[in-house]
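Colleague: with the sequence up front, the predicted model follows.
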Amino acid sequence: MKPLKELTRPNIWALKPYSSARDEYSGKEASIFLDANENPYNTPNNRYPDPLQRELKGLIGRVKKVSPDRIFLGNGSDEAIDLPFRAFCRPGIDNVVAIDPTYGMYQVCAEVNDVEYRKVQLDENFQFKAADLLAAADEHTKLIFLCSPNNPTGNRLCREEILTLLRSFEGLVILDEAYADFSNEASFLQQLDEFPNLIILQTFSKAWGCAGIRLGMAFASQEIINLLNKIKYPYNVNRLTQQEAIHMIEKHYQVQQWVESLLHERTRLMQEFQKLACCRRIYPTDANFFLTRVSDAKKIYNYLVDKGIIVRNRSSVTLCQDCLRITIGTRPENDTLLEALKNYKEEEA
Ligand SMILES: *Cc1c(COP(=O)(O)O)cnc(C)c1O
């Protein structure tokens, strides 16, 4: 890896961050706060939230077995995807490399930041070779994006290739593990020490059942986390979100139970799907969804919408012609989907 200073945009490296009242005094002991122009009424929402989310990071650190100073929290993974562009990529000069197909937000953030986005197509098993990503990179490549388990394909990426890439790439590797809780394969979290160029993304939106509160996590070296903290909005995670996340961690067992029942339903739904006349192929998955190739994705999508069932048509995505992406629901929801598809006639729609 190149020195972090060399990878960072010079203006960001030199930036003196905004210092809020709560940055300058964060002790809890004082009981009279007259420093932040807050309204003294309407507790507790009258107070600005902790800019560094210390209590929440302490709890997350314990669950994930990562030191709190290696955790960044953001307004969804969206923020943790966007900030590395702003920290490392000079608009109009630098570029990033990513697998294709994958999650669409990486490209959107690249375009918003005027950073060239280079795609390297996955093979027919939705796997990549480290050498192909390295071949697409040049001296201006700051970031490489991987997503494992991948969206929309569902499979996890080959661990050996990820390791090869981490060992050979001079820039930063962003590994999106939004679906890691649904996979049998271990997360890369315990390998952060080995790889100073690794940024791991996780989220409260999937296994934790909290898409509505907008809380994303990034795990990386303390040096990288400090940089992200320096450029984020001061109060990027609001008080209600921090409170709810703390509450969710207290009932962590519940998340475990959700994951177990979703995995059970995933197996059952995929077995039943295989028997459907319209199903051509089901791709292996490590996520809370699966990708399936069907006889005619557009017709089946519209047929299901008519019945009030919404799936995701991924036909327009590279390598995904006539593919639907199906999220695992509750058992009754999954049964309703199966029943509808059993009654689907090719001529009908
Ligand atoms: C759903 C998803 C996320 C989560 O994004 P949030 O902004 O945290 O809701 C991140 N990455 C991938 C690949 C996803 O599919």
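Modeller: It's in. These numbers come from a predicted model, not from an experiment. Numbering: from 1, shown residues only.

Colleague: list the helices and strands the longest helix belonging to the chain packs on?
Modeller: Ranked by residue count, the top helix of the chain under DSSP state H comes out as helix 252-274. The criterion is 3 or more CB pairs under 8 Å, 6 or more residues apart in numbering; DSSP states H and E, and the helices and strands that helix 252-274 contacts are strand 279-282, strand 289-294, helix 331-342. Bear in mind the C-beta positions are built from the backbone N, C-alpha and C, glycine included.

Colleague: out of those, which comes closest to residue 308?
Modeller: Residue 308 lies closest, by CB to CB, to one member of those: helix 331-342, at 8.6 Å.

Colleague: pull out the buried residues from that closest one.
Modeller: Residues 334, 337-338, 340-341 are the ones in helix 331-342 that count as buried (16 or more other CB atoms under 10 Å).

Colleague: would JSON lines of the helices and strands packed on helix 252-274 with mean pLDDT and distance to residue 117 be doable?
Modeller: Compiled in JSON lines, the helices and strands packed on helix 252-274 are given as follows (pLDDT from 0 to 100; distance: least, CB to CB, whole Å):
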{"stretch": "strand 279-282", "mean pLDDT": "97", "distance to residue 117": "29"}
{"stretch": "strand 289-294", "mean pLDDT": "98", "distance to residue 117": "22"}
{"stretch": "helix 331-342", "mean pLDDT": "98", "distance to residue 117": "34"}
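
Colleague: and the residue in the chain positioned nearest to the ligand, backbone torsions?
Modeller: At 2.8 Å from the ligand, residue 76 is the closest residue in the chain, using CB to the nearest ligand atom. Main-chain torsions, residue 76, degrees, to the nearest 10: phi 80, psi 170.

Colleague: neighbours of it, just the number please.
Modeller: Under the neighbour criterion other CB atoms under 10 Å, residue 76 is assigned a count of 19.

Colleague: gap between it and residue 289?
Modeller: Residue 76 sits 18 Å away from residue 289, going by CB to CB, to the nearest Å.

Colleague: likewise residue 73?
Modeller: Between residue 73 and residue 289 the distance, using CB to CB, works out to 25 Å.

Colleague: can you give me the buried ones in stretch 216-232?
Modeller: Buried positions in stretch 216-232, judged by neighbour count with 16+ other CB under 10 Å: 216-221, 224-225, 227-229, 232.

Colleague: so which of the residues you listed are in helices?
Modeller: Using DSSP H, the buried residues of stretch 216-232 in helices are 224-225, 227-229.
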